[in-house]
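J.: this one's structure only:
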Ligand SMILES: [Zn+2]
């Protein structure tokens, strides 16, 4: 099984690369990728560089094999047995991880050891203890997840090889609960009391979530949250144990435009649940206030 090592979270942090780069069930050995390089070096030693180049030209592997660079890298989670995750699968994974739902973890390589059962005092999964990113590898179109931290995902580490599409926000087993329990969208965006502000901080995308894609000439990004849109009231609320496999609140950020001269970012913020748009407004924010979640509604 994947989790036989029973690494503690601390041990995993120390041994991150070696422990997480193995695809033990698929038969891929850690030495496989190094072998062709060792072979080339051996050829160069015996034949010289020019002769080696001629040999390599005739034995060059298919283009796709040369270009796949992200699979197996630290913090990159990919499909198992060389299955290339589709965008729909990657998005489904973010919704599952945001609700701490491990159903698909067995289909992944480089999957999250530290969040596995029995790795912590709860004896439970901790997929929602941190953020996750979804990227498309530019050369191949393959989708990968990036393991983020409690406060963000470092898309920049892979910016030369990939395009950021989406990320998830953590729930941290209740630490990021809305103190009000539930709140309607209008109050969430506009009310100026402490309870609404606390809910805003928890539930809304950060202004950075708009600014970051805009700085990369992207108009679209998606944020997956652990919260639930209540089917009866239409309000946003904390998840309960009964919501284990239920759809979560997903924010679609679109039509993003950054006005650097005026330090403003604008865009459309749409709340989705179960594939349906349940609320949508055009919003504007102070692009310098990246960690903030205060938006002005500027259109329907
Ligand atoms: Zn975010």
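T.: Looks like it came in fine. All values derive from a computational prediction rather than experimental measurement.

J.: and the protein, which residues reach the ion?
T.: For the chain, the residues in contact with the ion under the definition CB under 5 Å from the ion are 206, 209. Using the backbone N, CA and C atoms, a C-beta is placed for each residue, glycine as well.

J.: in the chain, what residue comes closest to the ion?
T.: With distances taken as CB to the ion, the chain approaches the ion most closely at residue 209, which sits 4.2 Å away.

J.: how far away is that residue from residue 133?
T.: As judged by CB to CB, to the nearest Å, residue 209 and residue 133 stand 11 Å apart.

J.: ok, back up a step: and the residue of the chain closest to the ion, helix, strand or coil?
T.: When the structure is reduced to helix, strand and coil (DSSP: H, G, I helix; E, B strand; the rest coil), residue 209 reads as helix.

J.: OK, contacts around the closest residue to it other than its chain neighbours?
T.: Once its chain neighbours are removed from consideration, residue 209 has its nearest residue in residue 223; the separation is 5.6 Å (CB to CB, 6 or more residues apart in numbering). Residue 223 is in contact with 166-169, 205, 209, 250-251, 253, counting by CB atoms under 8 Å, 6 or more residues apart in numbering.

J.: does residue 213 count as helix, strand or coil?
T.: Quick answer, by three-state DSSP: residue 213 is helix.

J.: wait, it touches residue 220, no?
T.: Yes - assessed by CB atoms under 8 Å, residue 213 is found in contact with residue 220 at 6.9 Å.

J.: shared neighbours of these two, anything?
T.: Residues touching both residue 213 and residue 220 by CB under 8 Å, 6+ apart: 253, 256.

J.: mind listing the strands for the stretch 101-250 of the chain?
T.: Under the criterion DSSP state E, counting those that start in this stretch, strands of the stretch 101-250 of the chain are mapped to 108-109, 132-137, 143-147, 162-168, 182-183, 221-224, 228-229, 236-237, 250-259.

J.: worst average pLDDT in the ones you listed?
T.: When mean pLDDT is averaged over each of those, strand 108-109 scores lowest at a mean of 92.

J.: give me the contacts around it.
T.: Contact with strand 108-109 is made by 23, 26, 71-72, 77-80, 93, 145, as judged by CB under 8 Å, 6+ apart.

J.: parallel or antiparallel, which strands does that strand pair with?
T.: The strands that strand 108-109 pairs with in its sheet are strand 76-79 (antiparallel) (by DSSP bridges).

J.: so for the partner strand, mean pLDDT?
T.: The predicted model gives strand 76-79 an average pLDDT of 95.

J.: so in terms of bridging, what pairs with the spatially most central residue of the chain?
T.: The centroid of the chain falls nearest to residue 133 when counting by CA atoms, centre = their mean (1.6 Å). Residue 133 forms beta bridges with residue 146, residue 167, as assigned by DSSP bridges.
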